[in-house]
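1. Please find the sequence and the predicted model below.
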Amino acid sequence: MSVTRKDVEHIAELARLKFKDEELQNFTEQLNEILAYMEQLNELDTENIEPLSHTIEGGNVFRQDVVKPSLDREHALKNAPDEDDVFFKVPKVIPGA
Amino acid sequence: MLPYKCISEKKQKISSGEISLKDNVISFLNRIEDQKDLNAFNFLFPDDALAVAAIVEDKIKKGTAGKLAGMVIAVKDVLSIKDKPLTCSSKILKNFTSVYTATTVQKLIDEDAVIIGKTNCDEFAMGSSNENSAFGNALNPIDKSRVPGGSSGGSAAAVAARLCDVALGTDTGGSIRQPASFCGIYGIKPTYGRVSRYGLTAFASSFDSVGCFANSVEDMASVMQVMSGRDELDSTSSPKDVPPYPEELNNLNKKFTIGIAEEYFGKGLSPEIKLAVEKLLGFLNDNGFNTVKVTLPYSKYTIAAYYILTTAEASSNLARYDGAHYGFRSADSSSLIDMYRNSRSEAFGSEVKRRIMLGTYVLSAGYYDAYYRKAQKVRRLIKTDFDNAFQKVDIILTPTTPTTAFKIGENIQDPLQMYLNDIYTTSANLAGIPGMNVPVGIDSLGLPIGAQLLAGQFNESKLFQVAKFIESNF
């Protein structure tokens, strides 16, 4: 599998990143080189192998569903780029509204 | 040089009045200033450190001090300390202040450690050379034209240059063991889940481990004992009991069996490193350890599986940096989507972007099974390799890195070459097992060589005991 420049533009859109022309070219080449290396996994027959998502295999971890104190509003807003003491502020979501 | 070798000796000398902890902190701060060119620290907390030192000195003399009293510790700038900056060496977290403290750091503070500052690292812990930092490169104190390794490069440089006693690092694929090797010091990555990740900025959540760097095995064991254990705030932390690592250091069972896997001694390994590790193996053999061959047939697939899985997890974890709630927000954005896109594009560095792109690709529709699912299956094969090997041996001995510290700029243009630096270290994170770097000599350029000790899950004690034997006798 190889990625085209168009694929890279699509991935950038999904990842909410944007790149200049030469960066796109560079990323396309680098991603292809890295993905070509990854291809070696296809040498392995993994048909009957269970995927491993967590190395310490055990049961689920449960806890009581009780409300405990958490971050208060003042602290939650402390690092906000823009806020009005109550809410985070962002640019308009609906254009023209 | 410091007038003590390890924490027990330091504490004793503070208690008898031979050393003043406050003067010791001042001398560390002076050394940091004198060696500013190493760029090991992102932030220093001199006032807090001196204030705590005075209190702790008093406690030591009264005999009421905690387990880490007297120890001066630096913290990698990916861990939260309430009311202190947290940047992950990224422009996107410039001006961010933590609103709570990481469990690991809180445990150190509760045992009377002095926190002196936060160390430089690769942006979001992504890198093997500390060259991906918004604060600039950290330098290797052994040779300043070379990298200290990464991603915990500042922590390794600080400990090697004696700018603190111990430094915390994090290890997702070698980010403690590789810089420890490049700087000639001890470094441990514990079993996944042994230490809480609460307050650690997530990179790849099923791989990330908090560990430490030290100049002695005792210091490393003391800090790991304090940091380990179940934390209600991290559901992946293990409830298993934590052994008293420092007290167990000399309870060595010399019948331990040491395994050697030929897969770790193949093409690409520096002959000088190979020789040094073989010399250590011969020494252990001569000193009553059994040494046997083991086989880890899936070793050649570790880098591919590692970079698929960790970039996938990273692309998801780093989605939170959108300029909305905290961190950098681009000044000129007319819509919400523009704000996300501009903020992320202007503030993430190129390696972080590369990994987000790769991770987004392997998780995207049509490729999930071919890459992500496939890599998860290979992860099981790699873990099973280790499960089988640890049926027969207590420890596996390998080189930590294929080369000694490389020159600044040497690998930066070639991401794949940079990734291959992690060829001996990513396996421990894929399998969730503990790994440690032990300094074992220098090469013909005078650069440190490291050996890696690996053990089965939750067998940190074996690593500490063998490392202690090597430290005392090799």
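-> Yep, that arrived.

2. Can you tell me the closest non-neighbouring residue to residue 32?
-> Chain wasn't specified; assuming chain A. Using CB to CB, 6 or more residues apart in numbering or on different chains and skipping residues adjacent in sequence, the residue nearest A:Asn32 is A:Ser2, 5.3 Å away. To be clear about C-beta, it is placed using only N, CA and C from the backbone, and glycine gets the same treatment.

3. wait, chain B
-> Nearest to B:Ile32 is B:Leu163, by CB to CB, 6+ apart, at 4.9 Å.

4. Of all residues in the chain, which one is nearest the centre?
-> Went with chain A since none was named. With distances taken as CA atoms, centre = their mean, A:Ala15 lies nearest the centre of chain A, 6.8 Å away.

5. oops, chain B please
-> Per CA atoms, centre = their mean, the C-alpha nearest to the average position across chain B is that of B:Ile176, at 2.5 Å.

6. And stretch B:428-445, what's buried?
-> By 16 or more other CB atoms under 10 Å in any protein chain shown, the buried positions in stretch B:428-445 come out as B:428-441, B:443.

7. Of these, which is the nearest to B:Ser316?
-> Closest approach between the buried residues of stretch B:428-445 and B:Ser316, by CB to CB: B:Asn429, at 17.2 Å.

8. Quick check: the closest one touching B:Ser175?
-> No - using CB atoms under 8 Å, B:Asn429 is not in contact with B:Ser175; the gap is 9.3 Å.

9. on that earlier part again, which residues does the residue nearest to the centre of chain A contact?
-> Residues near A:Ala15 by CB atoms under 8 Å, 6 or more residues apart in numbering or on different chains: B:315, B:344, B:356-357, B:360.

10. Low-confidence ranges, the stretch 1-150 of chain B, go.
-> The model of the stretch 1-150 of chain B has pLDDT under 70 over residues B:1.

11. Report the closest residue of it relative to chain A.
-> Proximity to chain A, evaluated over the stretch 1-150 of chain B using CB to the nearest CB, is greatest for B:Val99 at 4.5 Å.

12. Just give the closest residue to that residue, not the sequence neighbours.
-> A:His75 (4.5 Å).

13. And that neighbour, how close does it get to B:Met418?
-> Noted for A:His75: a distance of 38 Å to B:Met418, by CB to CB, to the nearest Å.

14. Neighbour count: the two, which is higher?
-> Set A:His75 next to B:Met418 and count neighbours by other CB atoms under 10 Å in any protein chain shown: B:Met418 wins out with 20 against 13.

15. Let's test this: what are the backbone torsions at B:Gly187?
-> Torsion angles at B:Gly187 (phi, psi; degrees, to the nearest 10) stand at phi -150, psi 140.

16. my guess is it contacts B:Pro179, does it?
-> Yes - shown here, B:Gly187 and B:Pro179 form a contact pair, counting by CB under 8 Å, at 7.0 Å.

17. Tell me which of those two has more neighbours.
-> Shown here are B:Gly187 and B:Pro179; by other CB under 10 Å, B:Pro179 has more neighbours (40 against 34).

18. Skip the chain neighbours and tell me the closest residue to the residue in the stretch 351-474 of chain B positioned nearest to chain A.
-> Nearest residue of the stretch 351-474 of chain B to chain A (CB to the nearest CB) works out as B:Gly432 at 2.7 Å. Leaving aside its sequence neighbours, B:Gly432 sits nearest to A:Thr55 (CB to CB, 6+ apart; 2.7 Å).

19. Quick one: list the elements packing against the longest helix seen in chain B.
-> Longest helix in chain B, counting residues (DSSP state H): helix B:374-392. Contacts defined by 3 or more CB pairs under 8 Å, 6 or more residues apart in numbering or on different chains; DSSP states H and E place helix B:374-392 against strand B:257-261, strand B:290-294, helix B:302-317, strand B:395-399, helix B:426-431.

20. quick revisit: touching, the residue nearest to the centre of chain B and B:Asp208? I think so.
-> No - with contacts counted by CB under 8 Å, B:Ile176 stays clear of B:Asp208, the gap being 11.2 Å.

21. Find the residues that touch each one of these two.
-> B:Thr170.

22. And for the one helix or strand B:Val56 maps to, what's in contact with it?
-> Assigned by DSSP states H and E, B:Val56 falls within helix B:46-62. Identification of contacts with helix B:46-62 by CB under 8 Å, 6+ apart yields B:11, B:14-15, B:17, B:20-22, B:24-26, B:29, B:65-66, B:69-70, B:72, B:112, B:114-117.

23. rerun that using 6 Å as the cut-off
-> If you take CB atoms under 6 Å, 6 or more residues apart in numbering or on different chains as the criterion, helix B:46-62 is touched by B:14-15, B:21-22, B:25, B:29, B:65, B:69, B:112, B:114, B:116.

24. For those residues, work out which two are farthest apart.
-> Longest distance between any two of the contacts of helix B:46-62 is 22.7 Å, between B:Ser15 and B:Leu29; criterion CB to CB.

25. ok, back up a step: how many residues are close by the residue nearest to B:Ile32?
-> The tally of other residues near B:Leu163 (other CB under 10 Å) stands at 27.

26. B:Ile26 now?
-> B:Ile26 - counted by other CB under 10 Å - has 15 other residues nearby.
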